[in-house]
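Asker: build me a structure from this.
(chains A and B)
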Amino acid sequence: MIKSFVWSLALTVAALILQSTWLSAVAVRSVTPDLALLIVVYISFHGRSLQGQALGFVAGFLQDGISAGPMGLNSFVKTAVAWTFNSLSGKFYIDRLLMPMLFGFAATVYKAAIYAGVSLLMPGKVLGYDFAAATLWIEAGYNAAAAPVLFFLLRPLNRLLIPRGPAA
Amino acid sequence: MAREDARSRRARNVSSGLMLLASLVALTISTRSLVGVPQQLGLAALSFVQRGFSAVSGFFSQTVASIAELRRLQDDHADLVRQVELMANQQRQFTELRSENERLRGLLKFQAAASYASIAGRIIAKDPENLYSTFVVNRGSAQGVRKNQAVVAYQDGVEGLVGRVVEVSRESCMVVPIYDATTFVAARLERSRYEGLVVGGGGDDLPLVLRYVKKRAQPEIQFGDLVITSGLQSLYPAGIAIARAGRIRSFDYLNSLEIDLEPVLDFSRLEYVFIIDAQGAASP
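Answerer: Numbers count the residues shown, from 1 in each chain, chains lettered A, B, ... in the order given. Predicted coordinates for the structure are as follows:
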């Protein structure tokens, strides 16, 4: 469990660094795919334990350290997303294309909804996505496109990333 | 009788033959015509075989040599390709270094001409969350950077406002740009001197907006008018170019104008910035 967590955290941190540096080269109107979110979704859905949530929590805190958002914001958002997708674990058959795309898109919109909720609770402190602006939908589309590729690349690493044994 | 005649004829013939042979030998010896004949005969006979052997061995040796030559040529070709690649890379590096050198020379001139102390830095990362537009610069408290310092950049001969420092670590700092939706900059129109507040649009591809400009200023504002920092905020020194005026909007329900602004800097091309000390700024 600890080994899987460390591996998944290392991978998520690498994704965070990647999306803050190199991925700006492939940004569409300054929007880059949220690979860290997709990894959290993947781990949460495939793992039956609390690993996804723990990953979202720790990786979110690390992201808060390099983001302009208040400390705890990304941690909260990612933990909530992880919890939701973890609760869906085993309820869907994941194919290679459509379901990952749907997951990528849904996770982004869900993340935006959580941001909007937090922004309503803390007006002026937290920015919320504008659902009418292109940024959100570009990101959702980008994540939907990136998810099948990322999930395909993560599948061979399941032995490292997903703990075996009974659910926690 | 007949038998004796035949025997004598044979003896004459043999003797004649012997004499001819003897004379021939004598002639040959006296004229030295046969000197080297054995060698020539041997040479002729052996050289024929030698040529055969030589042809066969030549075929094989040439084949082997050709293969070796081919291999050598392949090696030479690979070497040349490597050299061409190396030279192409060097050419590219040279071009890149030359343009970087020109850019840095421009920046150096700017830094030397600037009326305030500044710390040059390079943008190394952007905010991983698309909702925020901050970026990270490779200068921190170790280099003297403090929170809320203004950040400017020099691009195409123009000095423009980038934003301000919001977080500082030892070796890096986080800068929030002026196009961020949370950023407000006290500004004025350079030509008409009317004041307003520049608000970010939320993205580097969205226009800035100058708000709270008095309605009576409308006849004096022209498309392309430069908007500069007013210096009324302690964060930003006065006189730094921000943007140029675009569309002017006047709403009945507002007692002020809203002007869309086009930033003087192209934020998508920003690489180097200068973190400046507002206290060290010259007055406008």
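
Asker: how about the lengthiest helix in chain A, does it get close to chain B?
Answerer: Scanning chain A for the helix with the most residues, using DSSP state H, yields helix A:98-121. Yes. Using CB under 8 Å from any CB of the partner chain, we find that helix A:98-121 touches chain B at A:Tyr115. Every C-beta, even on glycine, is put in place using the N, C-alpha and C of the backbone.

Asker: report the angle between the next helix or strand after that helix and helix A:98-121.
Answerer: Per DSSP states H and E, helix A:98-121 leads on to helix A:134-154 as the next helix or strand towards the C-terminus. Taking axes from the mean of the first three to the mean of the last three CA atoms, to 10 degrees, one finds helix A:134-154 and helix A:98-121 inclined to each other by 140 degrees.

Asker: separation between the most centrally placed residue in chain A and B:Asp205?
Answerer: The centre of chain A sits closest to A:Leu37, judged by CA atoms, centre = their mean, with a distance of 1.3 Å. Separation of A:Leu37 from B:Asp205 (CB to CB, to the nearest Å) stands at 23 Å.

Asker: if we can go back for a sec, residues of the longest helix of chain A that come out buried?
Answerer: A:99-101, A:103-112, A:114-116, A:118-119 (16 or more other CB atoms under 10 Å in any protein chain shown).

Asker: count of residues packed around A:Leu88?
Answerer: As a burial measure, A:Leu88 scores 13 neighbours (other CB atoms under 10 Å in any protein chain shown).

Asker: list the contacts of the residue nearest to it when sequence neighbours are not counted.
Answerer: Counting by CB to CB, 6 or more residues apart in numbering or on different chains, A:Leu88 lies nearest to A:Phe45, which is 6.4 Å off, once chain neighbours are set aside. Shown in contact with A:Phe45 (CB atoms under 8 Å, 6 or more residues apart in numbering or on different chains): A:52, A:85-86, A:88-89, A:94, A:103.

Asker: which residue in those has the weakest pLDDT?
Answerer: The member of the contacts of A:Phe45 with the lowest pLDDT is A:Ile94, and it reads 84.

Asker: hmm, that one is touching A:Phe152, no?
Answerer: No. In this structure, A:Ile94 is not within contact of A:Phe152 by CB atoms under 8 Å, at 10.8 Å.

Asker: now do the shared contacts for those two.
Answerer: Residues touching both A:Ile94 and A:Phe152 by CB under 8 Å, 6+ apart: A:Pro100.

Asker: so the two - more neighbours on which side?
Answerer: A:Ile94 (15 against 12).

Asker: excluding its backbone neighbours, what's nearest the more buried one?
Answerer: Per CB to CB, 6+ apart, closest to A:Ile94 is A:Pro100, 6.8 Å.

Asker: residue contacts, the one you found?
Answerer: A:Pro100 sits in contact with A:94, A:147-148, A:150-152, where contact means CB under 8 Å, 6+ apart.

Asker: where do the helices sit along the stretch 151-284 of chain B?
Answerer: For the stretch 151-284 of chain B, helices defined by DSSP state H, counting those that start in this stretch do not occur.

Asker: show me which residues of it sit near chain A.
Answerer: Contacts of the stretch 151-284 of chain B with chain A, taken as CB under 8 Å from any CB, map to B:166-167, B:174, B:176, B:180-182, B:202-205, B:268.

Asker: adding pLDDT as columns, could you present those residues in CSV?
Answerer: Supplementary listing: these in CSV, determined by pLDDT from 0 to 100:
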residue, pLDDT
B:Val166, 90
B:Glu167, 89
B:Met174, 92
B:Val176, 92
B:Asp180, 88
B:Ala181, 83
B:Thr182, 83
B:Gly202, 78
B:Gly203, 77
B:Asp204, 75
B:Asp205, 75
B:Ser268, 85
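
Asker: mind checking which of those residues are buried?
Answerer: Among those, the ones that count as buried by 16+ other CB under 10 Å are B:166-167, B:174, B:176, B:180-182, B:202-204.

Asker: can you tell me which two in these are farthest apart?
Answerer: Between any two of these, the greatest separation by CB to CB is 20.8 Å, found for B:Glu167 and B:Gly203.

Asker: ok, now how distant is the most far-flung residue of chain A relative to its centre from B:Tyr236?
Answerer: What lies farthest from the middle of chain A is A:Gly124; by CA atoms, centre = their mean that is 24.6 Å. As judged by CB to CB, A:Gly124 and B:Tyr236 stand 21 Å apart.

Asker: check B:Glu262 too.
Answerer: Counting by CB to CB, the gap from B:Glu262 to B:Tyr236 is 19 Å.

Asker: between these two, who's got more neighbours?
Answerer: Between B:Glu262 and B:Tyr236, counted using other CB under 10 Å, the more crowded position is B:Tyr236 (29 against 14).

Asker: and the more buried one, backbone torsions?
Answerer: Phi and psi for B:Tyr236, reported as degrees, to the nearest 10, are phi -110, psi 130.

Asker: pLDDT at the residue most central in space within chain B, what is it?
Answerer: The residue lying closest to the centre of chain B (CA atoms, centre = their mean) is B:Arg92, at 3.2 Å. Looking at B:Arg92, its pLDDT is 78.

Asker: residues in contact with it?
Answerer: With CB under 8 Å, 6+ apart, B:Arg92 has no contacts at all.

Asker: distance of it relative to A:Gly60?
Answerer: 40 Å.

Asker: make sure A:Gly36 is indeed in a helix.
Answerer: Rather than Gly, residue A:36 is Ala. Yes. Assessed by DSSP: H, G, I helix; E, B strand; the rest coil, A:Ala36 belongs to a helix.

Asker: correct me if wrong: it contacts A:Leu11.
Answerer: No. Assessed by CB under 8 Å, A:Ala36 is found out of contact with A:Leu11, at 9.1 Å.

Asker: who has more neighbours, the two?
Answerer: The residue with more neighbours, out of A:Ala36 and A:Leu11, is A:Ala36; 28 against 21, by other CB under 10 Å.

Asker: what bits of chain A have low per-residue confidence?
Answerer: By pLDDT under 70, the low-scoring segments of chain A are A:165-168.

Asker: near chain B, which residues of it show up?
Answerer: So far as CB under 8 Å from any CB goes, chain A lies against chain B at A:16-17, A:19-21, A:24, A:29-32, A:34, A:36, A:63, A:66-69, A:74, A:115, A:127-130, A:133, A:135, A:139.
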